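1. need the 3D shape of this:
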Amino acid sequence: MRSSIGGVWLIGLVVTFMLIFVSFLSLSISYNKVFKIKNEALTFIEKYEGLKDGNKGSIQLINNYLLYNNYNTMFTCEIGDYGNRNLSSTNLELVNNKKEKYYYCISKKNTGGSAVNLPNRSKYFVTFFFNLNLPVIGNLLTFRVTGETIDINFPADSLQFKPQ
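-> Model prediction:
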């Protein structure tokens, strides 16, 4: 009887450590994928100097890149950000409801301030999401990956600045 109880305890310990290892591996793979997506999105925004909509614009390139990489995580954005709920659309919508879920969030902040020579200087902040997804348990937590562009002079979009 004593050896059977010890065997069950040992199996429980092995299963626990395997679950911890698999969750850490899943988390690191998901983070790596979303980090790469975030960097590509920032590159598209910087290359096109803002968020241009329509065909061959930066929003269309970001959406196509997300579709190509099977990105499907949605989460809530901050009020005042711009989000995308449909990867087939090239329009971003202003977030007014904290409960709506989006594929990604983008905010635009003015960095020119009162500079006379660069009043329209801005910076973009992007946020993408990833889940801690375990095979048997499912989605446990949702994490954010954020990044920002370099300063862009005279951006080519009509997005409003997020209030400071």
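
2. residues in contact with the residue nearest the centre of the chain?
-> What sits nearest the mean C-alpha location of the chain, by Cα atoms, centre = their mean, is Phe128, with 0.3 Å. Residues near Phe128 by Cβ atoms under 8 Å, 6 or more residues apart in numbering: Val34, Ile37, Lys38, Ala41, Tyr71, Thr73, Tyr103, Tyr104, Arg144, Val145, Thr146. All C-beta spots, glycine's among them, are computed from the backbone N, C-alpha and C.

3. could you rerun that using 7 Å?
-> Listed by Cβ atoms under 7 Å, 6 or more residues apart in numbering, the contact set of Phe128 reads Val34, Ile37, Lys38, Tyr104, Val145.

4. okay, now the unreliable bits of this structure?
-> 1-6, 112-119, 134-135, 158-164 (pLDDT under 70).

5. can you pull out the helices in this protein?
-> Assigned by DSSP state H, the chain shows helices spanning 2-47, 58-68.

6. can you redo those helices as JSON lines with mean neighbour count and distance to Asn139?
-> Shown next, in JSON lines, are the helices of the chain (neighbours: other Cβ atoms under 10 Å; distance: least, Cβ to Cβ, whole Å):
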{"stretch": "helix 2-47", "mean neighbour count": "13", "distance to Asn139": "11"}
{"stretch": "helix 58-68", "mean neighbour count": "19", "distance to Asn139": "18"}
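
7. looking at those, spot the one closest to Glu93.
-> Minimum separation from Glu93 across the helices of the chain (Cβ to Cβ) falls at helix 58-68, 11.5 Å.

8. identify the residues contacting that closest one?
-> With Cβ under 7 Å, 6+ apart, helix 58-68 has contacts from 37, 40-41, 44-45, 48, 51-53, 84, 87, 90, 92, 103.

9. buried ones in the longest strand belonging to the chain?
-> Using DSSP state E, we find that the single longest strand of the chain is strand 121-134. Burial within strand 121-134, assessed by neighbour count using 16 or more other Cβ atoms under 10 Å, is assigned to 121-133.

10. could you do stretch 77-92 as well?
-> Those would be Cys77, Asp81, Tyr82, Gly83, Asn84, Leu87, Thr90, Leu92, for stretch 77-92 by 16+ other Cβ under 10 Å.
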